[in-house]
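S.K.: Any chance you can model this:
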Amino acid sequence: MAKEVSNKQVILKHYVTGYPKESDMDFKNTTIKLNVQEGSNAVILKNLYLSCDPYMRGRMSKLDDSYVESFTPGSPITGYGVARVVESGNSNFQKGELVWGMTGWEEYSIVTAPDQTLFKIHDKDVPLTYYTGILGMPGLTAYVGFYEICSPKKGETVFVSAASGAVGQLVGQFAKISGCYVVGSAGTKQKVDLLKSKIGFDEAFNYKEEQDLDAALKRHFPEGIDIYFENVGGKMLDAVLVNMKVRGRIAACGMISQYNLEQTEGVHNLLYLISKRIRFQGFIIFDHYDLYPKYLEMIIPQIKAGNVKYAEDIAVGLESAPSALVGLFSGRNIGKQVVMVSPE
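M.R.: Below you'll find the predicted structure:
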C-alpha cells in the first residue's frame, strides 16, 4: 500500500482586482498518496522552498491575452520552487534528487511533465534557496536582459529600478563586473544602504524621497544613461526616457508599478525613443531557457569566488506564504523573497 500523507495547500479563493490581500488566499488540508501510476511520466515532489515573484500578481487575475495562465480559483497557487523527488515514474528523475522549477504552493506536488518544467540541481555547494533566485529564473532574467539585450561596454552608465529585488541586485553586480558605473533606485533607506554597502552599486537613491525623478536622474547621470534595466514602468520610465543617451538600450522585464492598477498609467516621453535612437526591448524569460547552461558556467564560479552577493528574505513555514507574496507589492521584502516550506 502506498503511504498517504497530509498535504497542506495555499489556494487562490477568487480572482483579484487592485492590490492583493492575504484574505484573497486560503489554506486547504488534503492528503496525497506517495506513489505514481505504472507507466506514468510523473514525479512526486516534496517542496522545500517556494519563490515569491512579481509576475504572480498577474496570474491572480483573469487573463485573456498573456504569456502565462491565470491561477485557478479553488486550486493551489503555482510558481517556482526547490524540491526533492520522493517518487518518480520518469527515468530522467530519480528518487532523492533535488530539482527546481514549476511546482505547487503545497507540501507535496505531482508534476506530470517534469522534462518540460523541472531542472535537476547538480551543484550543492551553494545554498538551495539560490535556485529560487540567483541560480533560477530571476538570475537568468538578469543575465539575458543585461548581457544578451543591452550588450554592455566598459565605462558605460547603467540605471536599475527596483534594484534591491531578486533581479535588480544581480543586474547591478553584472554591471560592475563589466566595468560600468551603476546606480539603483529602491523604496527605503535600508534598501538603499544595502545596495551601496553589500551589493556594490556605485550609488543608489530612495525614489519615494524624490520630488522630481527627472532631477534625481540628472543628479546621478549628468551625461545621461547608456543602459536602463526596467522593472518599474510608469513615472520612472517617463523620467528615464528623458535622460537616456543617444543609442541607449532598455531591457524591460517587468513594470511592477502597474500591476495593481485598474487603469495603467500613460507614458508621455516616448518620442525620445526616436530622437535618441533608443533600443527598447521587452522580453519573457521563458523564451531563453536554452541559455541556462551558459549562465551557470558564468555565475557559479563568480559566486564561489565571492564576486557576487545575493540578499534573501526568507519567510518560514507554508502558512507565511500569502503574507510573503502580498508583501512584494508594498516593498516589504529586503532582497529575494523566499518561503521555506520544509527544512532540507
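
S.K.: For the rest of this, base every contact and every neighbour count on C-alpha atoms.
M.R.: OK.

S.K.: contacting residues around stretch 99-108?
M.R.: Here stretch 99-108 makes contact (CA atoms under 8 Å, 6 or more residues apart in numbering) with 7-11, 32, 44-48, 50, 76-85, 109, 111, 117-121, 131-132, 136, 318, 341-342.

S.K.: Next, the closest residue to residue 304 other than its chain neighbours: secondary structure please.
M.R.: Spatial nearest neighbour of residue 304, excluding adjacent residues (CA to CA, 6 or more residues apart in numbering): residue 126 at 8.0 Å. Put simply, residue 126 is coil when judged by DSSP: H, G, I helix; E, B strand; the rest coil.

S.K.: Let me know the helix or strand that the closest residue to residue 255 other than its chain neighbours is in.
M.R.: Once flanking residues are discounted, residue 255 sits nearest to residue 232: 3.9 Å by CA to CA, 6+ apart. According to DSSP states H and E, residue 232 maps onto no helix or strand at all.

S.K.: so who does residue 232 touch?
M.R.: 161, 162, 254, 255, 256, 257, 258.

S.K.: how about a cut-off of 7 Å?
M.R.: Neighbouring residues of residue 232 by CA atoms under 7 Å, 6 or more residues apart in numbering: 161, 162, 254, 255, 256, 257.

S.K.: And residue 295, by the same measure?
M.R.: Counting by CA under 7 Å, 6+ apart, residue 295 has contacts residue 140.

S.K.: Beta-bridge partners for residue 109, please?
M.R.: residue 45 (DSSP bridges).

S.K.: one step back: if you rank the contacts of residue 232 by neighbours, which is first?
M.R.: residue 161 (28 neighbours; other CA atoms under 10 Å).

S.K.: ok, now how distant is that one from residue 96?
M.R.: 39 Å (CA to CA, to the nearest Å).

S.K.: Please report phi then psi for the residue nearest to residue 304.
M.R.: Torsion angles at residue 126 (phi, psi; degrees, to the nearest 10) stand at phi -120, psi 160.

S.K.: got it, and residue 124?
M.R.: phi -110, psi 10.

S.K.: Can you give me the distance of residue 293 to residue 229?
M.R.: Counting by CA to CA - residue 293 and residue 229 are separated by 23 Å.

S.K.: Name the residue in these two with the higher neighbour count.
M.R.: residue 229 (26 against 10).

S.K.: Name the next helix or strand downstream of the one helix or strand the more buried one maps to, please.
M.R.: Element membership for residue 229 (DSSP H and E) is strand 225-230. Using DSSP H and E, the helix or strand that follows strand 225-230 towards the C-terminus is helix 234-243.

S.K.: of all the contacts of residue 232, which comes closest to residue 143?
M.R.: Nearest to residue 143, judged by CA to CA, of the contacts of residue 232 is residue 254 at 14.6 Å.

S.K.: Now do the same contact list for that closest one.
M.R.: 230, 231, 232.

S.K.: The strand holding residue 229 pairs with which strands, parallel or anti?
M.R.: strand 157-160 (parallel), strand 244-252 (parallel).

S.K.: hang on, the earlier thing: any chance of CSV for the contacts of residue 254, columns pLDDT and distance to residue 328?
M.R.: Formatted as CSV, these follow (pLDDT from 0 to 100; distance: CA to CA, whole Å):
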residue, pLDDT, distance to residue 328
230, 97, 17
231, 93, 13
232, 94, 13
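
S.K.: what's the closest of the residues you listed to residue 194?
M.R.: Nearest member of these to residue 194, counting by CA to CA, is residue 231, at 18.1 Å.
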